[in-house]
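> got a sequence here, can you model it:
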Amino acid sequence: MSAWTASDVAELRIGNVTDAELGMILQLLETWRSRTDKNIKRSLYYDSEQAFKDLGITLPPQLRNARFFLGWATMAVRKAAVRSQFDGLRLPGSTDPFELAEVLEANSFGLEFGQAVVSAYKHGLSLVTVAAGAEGEAPVQIQPHSAESSAALWDRRKRRISSALTISEMREDKPSEFIVYLPDVVLTCTRANGKWTAERIANSIGRTLAVPVTYDPQLNKPFGRSRISNPVMSLTDMAVRAYVRMEGNAEFYSSPQLAIEGIDPDAFENVTEQKKFKLAMDRLVALTRDADGNAPTIKQLQQATMTPHSDMLRTVAMAFSGETGIPPSSLGIIHDQPASAEAIRAAEHDLLIDVTYQNKYVLAAAVKNVAQLAVMVRDGLTEPPADAWRLSAVFSDPEFRSTSANADAYVKLSEANPDLASSPVLLETVFDEDQIERITAEQQRAQSGSAIQALVASAQARQAAPVVTPNGGA
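Next up, the predicted model:
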C-alpha cells in the first residue's frame, strides 16, 4: 500500500520539467495512488491471501482467528488467461512480418505477454512499454507492467494512450523513481536528497510508447475491468465461510454427542476440555447414582450431518460459475455422474465465447500496436509502415481441441478444396508455427532435391544421345 496521500502528490515538484509536463505527471501519480488499494486488494484475492471475513453469527470463537484460504479468485483469472496464448504475427505474403521475429524472441514476448494478460485480467489493465535498448540489450525493449506499478491516461479521439507512468523503484512504500512516457519526451524522475529531478530523453516517434492490455474495455472504461469483480470477491468470501462452518461442524460430526439425564450439572464444573473429549470417545462410561439412588440415563443424540454445508457450498459454486464462466467441476464441486466431452464443452461455452472475443479484438489489437511501435522505434519512423494495417496477431485455439479432432477437420477441408492441402492457413489447424516452418523447409528441400535430380538426369541423357551431322551421318 502506498504511503502517499493526495496532498503529497499535489505538492510534488520536479526539476527539469515544464509546467504542462508537471501537471500531466501529477495527474498520472494521482491516478496510480487512487487505484493502489483496489489493485492490492485484488492481488490479495488472486494470491489467496485475503483476510477471512467472519459475520460473527455462528462460528465458535476458536475458529474466528484461524486462517483459511480458497483459490477461486485465482481460477477466475487463470482459467481465462491461459487460453490466450500468442501464436505469432501474420502478414499476407510474408513469413516474418517486418522482420520482427528476432525482436520478439529477444524479449521473450510470448512468455511476457502471457504474464501481461494475467495481470490485466487481475486488475483490468496492464501496460506494455516499448523503448530503444541500451548497449548489451535487445535493440528494442518490450516490457510489461502491472497496474500496481503503472498508470495511464486515455486519448479518446486518437484511441490510444496519451501519457503513461511506470514506477521503477519504491522506498518505504513511496516511489523513489518512476518513468513518464509522453508523445515527445520520456522523463526518468528520481528522488535524491529529498529533491526530485528528471532526466529527459527526446521521443522522436511522436506518440506515447505504451500500449494497454485490458479485459472487457467499455466506452466508459477504456482500460477495462478486473475479472476479480465485486461479485467474485463476495462469492469467494461466502465459500470460505461455508468451508469454515463445515470445519467446525466436522468436530461434532466425527464424534457422537451424548446427553446425560438425571445428573447434577455441577459434576462437570471442574472437567477439562480434554476430559470431556475422552468422555465422548470412551466406549464405557461409569456414572454413580444420586443421593436418592436414581441412576442417570445416557442418550445418544442424532449425529450432525454435513449435507447443509455441502449444499450451501454447491449453491455458492454455481453462482460463482455463472459469474465467471468457469465450470463447477473446476471449483472442486463433484457431480454425481462423470461429465461427458459434450457436457464439458457446454459448461465451458460462456468462457470460450469470452476468451475468443478477447483474443480476436482486444488482445490482438494490443499485440498489433506493440509490433507497430517496435518497428517505429527500431527503424526511427514517425508513422507505422504502409502495410502495418494488414498486420494481424494470431492466438491458439482457446478450446484446445484434440489432435485427432484437428486432423479430421484438416482432412475434410482439404478434400473439399485440394488447393488448401499445403496452405499454411489450413496447416495451422493441426500444427503450431514452428512445426509449419519445419514442414515447409523439408518440403522445399525435397523439391530442390527432386529438381537437381531432374537436371542431372537431363544432362546425362543429352550426353548419351548420338550426335547427328548435317549430311545424315553419325
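> mind checking how far Gly71 is from Arg83?
Relative to Arg83, Gly71 is positioned 18 Å away (C-beta to C-beta, to the nearest Å). Where you see a C-beta, it was placed from the backbone N, CA and C, and this is true even at glycine.
> higher neighbour count, those two?
For the pair Gly71 and Arg83, the greater number of neighbours falls to Arg83 (22 against 15), based on other C-beta atoms under 10 Å.
> quote the end-to-end distance of stretch 217-232.
18 Å (C-alpha to C-alpha, to the nearest Å).
> pull out the buried residues from it.
Buried residues in stretch 217-232, counted by 16 or more other C-beta atoms under 10 Å: 217, 222-229, 232.
> ok, and what's touching that stretch?
Contacts of stretch 217-232 from elsewhere in the structure, counted by C-beta atoms under 8 Å, 6 or more residues apart in numbering, are 42, 45-46, 72-73, 76-77, 80, 120-125, 152, 154, 156, 212, 214-216, 320, 323-324, 362.
> pull the contacting residues for Leu187.
Contacts of Leu187 (C-beta under 8 Å, 6+ apart): 17, 21, 25, 179-180, 198-201.
> please narrow those to those residing in strands.
Among those, the members found in strands (DSSP state E) are 179-180, 198-201.
> most widely separated two among those residues?
Ile179 and Arg200 (11.6 Å; C-beta to C-beta).
> higher neighbour count, the two?
Under the neighbour definition other C-beta under 10 Å, Ile179 and Arg200 were set side by side, and Ile179 has more, 22 against 12.
> quick check: bridge partners of that one?
Taking DSSP bridges, one obtains Thr166, Thr188 as the residues bridged to Ile179.
> that one and Glu169 touch, don't they?
No: the pair Ile179 and Glu169 fails to qualify as a contact (C-beta atoms under 8 Å) at a distance of 10.3 Å.
> where's Val185 relative to Gly332, distance?
Following C-beta to C-beta, the distance that separates Val185 from Gly332 is 52 Å.
> those two: who's more crowded?
The residue with more neighbours, out of Val185 and Gly332 and counting by other C-beta under 10 Å, is Val185; that gives 16 against 13.
> that one contacts Met24, doesn't it?
No: the criterion here is C-beta under 8 Å, and Val185 misses it with Met24 at 10.6 Å.
> which of the contacts of stretch 217-232 fall in helices?
42, 45-46, 72-73, 76-77, 80, 120-123, 320, 323-324 (DSSP state H).
> now do the strands in the chain.
With DSSP E as the definition, the chain shows strands at residue ranges 14-15, 86-90, 125-132, 140-146, 150-155, 160-171, 174-181, 185-192, 195-202, 210-214, 258-261, 297-300, 392-395.
> need the winner for burial among the ones you listed.
With neighbours defined as mean count of other C-beta atoms under 10 Å, those peak in mean count at strand 210-214, which reaches a mean of 26.
> tell me what that strand is packed against?
Packing partners of strand 210-214 (3 or more C-beta pairs under 8 Å, 6 or more residues apart in numbering; DSSP states H and E): helix 109-123, strand 125-132, strand 150-155, strand 160-171, helix 364-379.
> got the domain boundaries for this protein?
According to the domain assignment given by automatic domain parsing, the chain is divided into the following structural domains: 6-224, 231-324.
> any idea how many residues pack against Ala6?
When neighbours are counted by other C-beta under 10 Å, Ala6 registers 11.
> surely it is in contact with Arg33?
Yes: Ala6 is within contact range of Arg33, at 7.1 Å (criterion: C-beta under 8 Å).
> just send the strands of the chain back as CSV, with distance to Leu104 too.
Below are these laid out as CSV (distance: least, C-beta to C-beta, whole Å):
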stretch, distance to Leu104
strand 14-15, 35
strand 86-90, 8
strand 125-132, 12
strand 140-146, 8
strand 150-155, 21
strand 160-171, 21
strand 174-181, 21
strand 185-192, 22
strand 195-202, 24
strand 210-214, 14
strand 258-261, 70
strand 297-300, 70
strand 392-395, 11
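> for the ones you listed, which has the smallest mean pLDDT value?
If you rank those by mean pLDDT, strand 258-261 sits at the bottom with a mean of 63.
> before we move on, back to that, and the domains of the chain, which is most packed in?
A comparison of the domains of the chain by mean neighbour count, using mean count of other C-beta under 10 Å, puts domain 6-224 on top with a mean of 17.
> quick check: the gap between Ser396 and Glu169.
With distances defined as C-beta to C-beta, the gap from Ser396 to Glu169 amounts to 36 Å.
> ok, back up a step: so for Ile179 and Arg200, which residues contact both of them?
Residues touching both Ile179 and Arg200 by C-beta under 8 Å, 6+ apart: 186-187.
> now do the buried residues in stretch 358-365.
Applying a neighbour-count criterion of 16+ other C-beta under 10 Å, one finds 358-359, 362-365 buried in stretch 358-365.
> closest to Pro92 out of those?
When those are ranked by distance to Pro92 (C-beta to C-beta), Ala364 comes first, at 15.7 Å.
> which ones are touching that closest one?
Remark: with contacts taken as C-beta under 8 Å, 6+ apart, Ala364 is in contact with 392-395.
> which members of those residues are the farthest-apart pair?
Taking C-beta to C-beta, the two most distant members of the contacts of Ala364 are Ser392 and Phe395; they sit 10.4 Å apart.
> from Pro308, how far out is the residue nearest to Ile333 when sequence neighbours are not counted?
Distances taken as C-beta to C-beta, 6 or more residues apart in numbering put Ala317 closest to Ile333, at 4.5 Å, once the chain neighbours are dropped. From Ala317 across to Pro308, the span is 15 Å (C-beta to C-beta).
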